[in-house]
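# the following comprises the amino acid sequence and a computationally predicted model.
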Amino acid sequence: MVNRTGGTVAEPAKVRGRGLTHALSRLEDPLYYVLHHRMGVVGVAILTFIAIMAIFPQLFTPYAPTQIFEQNFAPPSSQHLCGTDYEGKDVWTQIIYGARASLLVGFIATILTIAIGGFIGVLSGYYGGVIDNLLMFFSDSLMLLPSLLLLIVFATMFRNGFIVAKLTGVGRWTLWDTAIVIALIAWPSTARMVRAQVMQLKNRPYVEAMRIIGAGPWRIMFKHILPQTTPLLLSRITVLTPGFMVTAASLSFLGLGDPNTPDWGYVMYTAYKNMFTVVTENNWLWIVLPGLLLAITVMGFICVGEAIDDYLNPKRRR
């Protein structure tokens, strides 16, 4: 374990056996390092602002995203900072609430990806042999497929409802469906990274000691080995989440998003559909602002990711 001064200390055996508690304890030093890293502080500040916008949108706009006003395509004014759209809805309000949808789909897809990839990576790395060959063959085959094209195909084929839509009776493609399909396509890279680390950890002395005292393979894998990969998975969050946000925005920009919970990509899609009005009314904020906020959010994740990479690299950490 790395302490806050950058050195290493012996890891007590009693800490390794606490599963979730151990995993959370391993987050303490990386979080401390990020909060004292220049780029990490910038990234945390950006993401905190975006999170406040997503959780408390009422602080930024007095309107509801479904509220309709009398004038369609109203130009920017003190009442409507970015004007209104073709339905009379306030564009600024849609952009503010779009932060919630964009972050939500990014985090849900990331959590599902890490869960699937971590599970398969631990199984593959620990057992090896035939199980490893089969899982990695399936993983490599999936990695060869173009992910965005698959998403477009799925969203087009199942516009009238997919997994969550069928279960809830919504009858349309939702952000949850987008997140689930992204995770089902994107897990192989995470599985390979976890597998590589598990293959190193499974021969450690404390793992051998657990085998000697009779611990089963599932207990060893998920209580003693998987928590050791916590810093790696934390680093994966900063990489996967912004990528999935951009992927979901791209899908929405192509008109395959959820109009009832519009993300930033869907706001840009409506602006693109009404580009003539955007030009004539000089309402460039309608299409520029959601793209700018998406770029800033991605930069925030990149800054935090750089700080975590410095923590994981002993030379760069010193």
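Yep, that arrived.
# pLDDT weak spots in the stretch 51-200 of the chain?
Along the stretch 51-200 of the chain, the model assigns pLDDT under 70 to residues 158-172.
# surely residue 156 and residue 254 touch.
No. Assessed by CB atoms under 8 Å, residue 156 is found out of contact with residue 254, at 9.3 Å. All C-beta spots, glycine's among them, are computed from the backbone N, C-alpha and C.
# which of the two has more neighbours?
Set residue 156 next to residue 254 and count neighbours by other CB atoms under 10 Å: residue 254 wins out with 16 against 12.
# so who does the more buried one touch?
By CB atoms under 8 Å, 6 or more residues apart in numbering, residue 254 lies in contact with 152, 269.
# and it, what pLDDT?
Looking at residue 254, its pLDDT is 86.
# kindly report the same for the one 3 residues further on.
Residue 257 is assigned a predicted lDDT (pLDDT) of 78.
# need phi/psi at it.
Reported as degrees, to the nearest 10, the phi and psi values for residue 257 are phi -90, psi -170.
# number of residues surrounding residue 180?
Neighbour count for residue 180, taken as other CB under 10 Å: 18.
# quick check: it touching residue 112?
Yes. At 6.6 Å, residue 180 and residue 112 qualify as touching, with contact defined as CB under 8 Å.
# what mean pLDDT does stretch 274-287 have?
Mean predicted confidence for stretch 274-287 is 87.
# and it, how far out from the chain's middle?
Relative to the mean C-alpha coordinate of its chain, stretch 274-287 is positioned 31 Å out (CA atoms, centre = their mean, to the nearest Å).
# now swap in stretch 281-294 and tell me
On the basis of CA atoms, centre = their mean, stretch 281-294 sits 23 Å off its chain's mean C-alpha point.
# kindly export it (C-alpha atoms) in CSV.
What follows is stretch 281-294, C-alpha atoms only, in CSV (Å, rounded to 0.1, in the frame of the first residue of the first chain):
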residue,chain,number,x,y,z
GLU,A,281,-32.1,34.3,-35.1
ASN,A,282,-28.3,34.3,-34.3
ASN,A,283,-29.0,31.7,-31.6
TRP,A,284,-25.7,29.9,-31.7
LEU,A,285,-25.8,29.1,-28.0
TRP,A,286,-28.4,26.5,-28.7
ILE,A,287,-25.9,24.2,-30.5
VAL,A,288,-22.6,25.5,-29.1
LEU,A,289,-23.3,25.5,-25.3
PRO,A,290,-24.3,21.8,-24.9
GLY,A,291,-21.2,20.8,-26.9
LEU,A,292,-19.0,23.1,-24.9
LEU,A,293,-20.3,21.7,-21.6
LEU,A,294,-19.8,18.1,-22.8
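# got the contact list for the residue nearest to the spatial centre of the chain?
Geometric centre of the chain, nearest residue: residue 241, 2.2 Å, by CA atoms, centre = their mean. Residue 241 makes contacts with 106-107, 109-110, 301, as judged by CB under 8 Å, 6+ apart.
# how about residue 73, phi and psi?
Dihedral pair for residue 73: phi 50, psi 40, per degrees, to the nearest 10.
# which non-adjacent residue is nearest it?
residue 277 (4.9 Å; CB to CB, 6 or more residues apart in numbering).
# repeat for residue 196
Take residue 196 and drop its neighbours on the chain: the residue closest to it by CB to CB, 6+ apart is residue 125, 7.1 Å away.
# for the one you found, give its distance to residue 203.
According to CB to CB, to the nearest Å, residue 125 stands 11 Å off from residue 203.
# likewise residue 307?
According to CB to CB, residue 307 stands 30 Å off from residue 203.
# with neighbour numbers in mind, choose between these two.
Neighbour count, other CB under 10 Å: between residue 307 and residue 203, residue 307 has more, with 26 against 8.
# need the contact list for that one.
Taking CB under 8 Å, 6+ apart, we find residue 307 in contact with 33-34, 37, 39-40, 43.
# I'd like these laid out as CSV, including distance to residue 70, pLDDT and neighbour count.
Putting the contacts of residue 307 into CSV (distance: CB to CB, whole Å; pLDDT from 0 to 100; neighbours: other CB atoms under 10 Å) gives the following:
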residue, distance to residue 70, pLDDT, neighbour count
33, 54, 84, 19
34, 48, 86, 23
37, 50, 88, 20
39, 47, 92, 17
40, 47, 91, 22
43, 42, 95, 23
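# can you flag which of the residues you listed belong to helices?
Judged by DSSP state H, the subset of the contacts of residue 307 located in helices is 33-34, 39-40, 43.
# so which of those is the closest to residue 311?
Ranked by distance to residue 311 (CB to CB), those are led by residue 33 at 4.5 Å.
# now the end-to-end length of stretch 139-154.
The separation between the terminal residues of stretch 139-154, taken as CA to CA, to the nearest Å, is 19 Å.
# surely the residue nearest to residue 196 forms part of a helix?
Yes. Applying DSSP: H, G, I helix; E, B strand; the rest coil, one finds residue 125 inside a helix.
# ok, it to residue 136 distance?
Counting by CB to CB - residue 125 and residue 136 are separated by 10 Å.
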